[in-house]
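Visitor: Sharing a sequence plus its predicted fold:
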Amino acid sequence: MSTPFYVSPQQAMADRAEYARKGIARGRSLVVLQYADGIVFVGENPSRALHKFSEIYDRIGFAAAGKYNEYENLRIGGVRYADLRGYTYDRDDVTARGLANVYAQTLGTIFSSVGEKPYEVELVVAEVGETPEGDQIYRLPHDGSIVDEHGSVAVGGNAEQISGYLDQRHRDGMSLAEALQLAVQSLSRDTNGSQREIPAERLEVAVLDRTRPQKRKFKRIVGGQLSRLLEAGGAQTASEAEESSEGEE
């Protein structure tokens with residue numbers, strides 16, 4: 001009689017976590033930043049049909065890195081949860097925190113289940129408040145844990161390197177153009193530190209804009225508006241660099 005093969009629970013969980021992390025790292029990175037008037041989502045995405053960013057509800061946005069079919073299922077489930085809760089109770093009862101808890105339970109159950117593989121996804125759920133202090137950003141890794149983020153967050157690809165770059169340069173009260181320029185700079189850095197160019201047509205950009213008069217604050221930025229913002233952000237960055245060099249003389 002052969003001895004059954006045994007793997008400790010700790011080793012099994014470590015293997016599943018490593019499997020999920022490798023799958024997420026193969027995808028392109030995306031970043032989510034706070035700026036003066038809301039929250040901006042920026043990612044490199046050559047596809048015009050398969051979106052990384054989506055609206056969940058009035059003030060709530062969704063971003064994901066990893067396998068598209070897996071995070072699309074989660075996005076649809078989130079929309080259904082938000083619609084049902086808003087209809088049953090009140091629209092104000094739909095919050096990013098509540099949605100993050102639902103996603104955490106789903107991802108945690110799948111991760112710990114022996115019968116199926118873990119999801120190769122990492123999510124960001126963001127809600128824009130009436131003021132910058134009311135903004136909420138939650139990052140949800142593959143294992144269902146919840147990380148409360150502030151200022152900026154990066155997921156997918158070389159997210160650790162990008163996060164370090166953003167932590168050093170992001171500041172409160174940035175304009176949309178400045179935040180967008182910083183996001184593109186962080187995404188265009190290779191693992192060896194060199195810079196590459198990402199054209200506007202390869203970028204997917206969306207915002208949760210607290211200044212919009214309607215309840216729905218989510219808006220995609222495309223075409224001419226995106227190009228103008230990138231040019232404005234580049235001009236502001238160059239101006240700041242000149243002022244800094246003049247101050248050193």
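Guide: That came in fine, so what should we check first? Residues are numbered from 1 along each chain as shown.

Visitor: mind checking the SS state of the nearest residue to Asp58 once chain neighbours are set aside?
Guide: Nearest-residue entry for Asp58: Lys215, 4.6 Å, with adjacent residues in sequence omitted and distances by Cβ to Cβ, 6 or more residues apart in numbering. Placement of C-beta: from N, CA and C, glycine included. Applying DSSP: H, G, I helix; E, B strand; the rest coil to Lys215 yields a three-state assignment of coil.

Visitor: Contact partners for Lys215?
Guide: Residues touching Lys215, when contacts are defined by Cβ atoms under 8 Å, 6 or more residues apart in numbering, comprise 58-59, 91.

Visitor: my guess is Tyr19 contacts Asp143, does it?
Guide: No. Here Tyr19 does not reach Asp143: they are 11.5 Å apart, not a contact under Cβ atoms under 8 Å.

Visitor: List only those of the contacts of Lys215 flagged as buried.
Guide: Among the contacts of Lys215, those buried by neighbour count (16 or more other Cβ atoms under 10 Å) are 58-59.

Visitor: just the contacts of Lys215 now: which is nearest His150?
Guide: Nearest to His150 among the contacts of Lys215, counting by Cβ to Cβ, is Arg59 at 17.4 Å.

Visitor: Could you report the distance from that closest one to Ala96?
Guide: Per Cβ to Cβ, to the nearest Å, Arg59 is found 8 Å from Ala96.

Visitor: what do you get for Leu74?
Guide: The spacing between Leu74 and Ala96, counted by Cβ to Cβ, is 14 Å.

Visitor: again, but for Asp58
Guide: Taking Cβ to Cβ as the measure, Asp58 falls 11 Å from Ala96.

Visitor: and if you look at Gly77?
Guide: Look at Gly77 and Ala96: by Cβ to Cβ, they are 15 Å apart.

Visitor: These two: which is more packed in?
Guide: Between Gly77 and Ala96, counted using other Cβ atoms under 10 Å, Ala96 has the larger neighbour count: 23 against 14.

Visitor: hang on, isn't the more buried one packed against Val128?
Guide: No. Using Cβ under 8 Å, Ala96 is not in contact with Val128; the gap is 9.2 Å.

Visitor: Would you give the sheet partners of the helix or strand hosting Val40, along with the direction of each?
Guide: In the assignment (DSSP states H and E), Val40 maps to strand 38-44. Partners of strand 38-44 in the sheet, by DSSP bridges, are strand 30-35 (antiparallel), strand 203-209 (antiparallel).

Visitor: just to revisit the earlier point, shared neighbours of Arg59 and Ala96, anything?
Guide: With contacts taken as Cβ under 8 Å, 6+ apart, Arg59 and Ala96 have Glu127 as neighbours in common.

Visitor: number of nearby residues for Ala64?
Guide: For Ala64, using other Cβ under 10 Å, the count is 27.

Visitor: Test my guess that it contacts Ala126.
Guide: No. With contacts counted by Cβ under 8 Å, Ala64 stays clear of Ala126, the gap being 11.8 Å.

Visitor: what's near enough to touch His150?
Guide: With contacts taken as Cβ under 8 Å, 6+ apart, His150 has the following neighbours: 34, 137.

Visitor: Next: Gly134.
Guide: If you count contacts by Cβ under 8 Å, 6+ apart, Gly134 has them with Val128.
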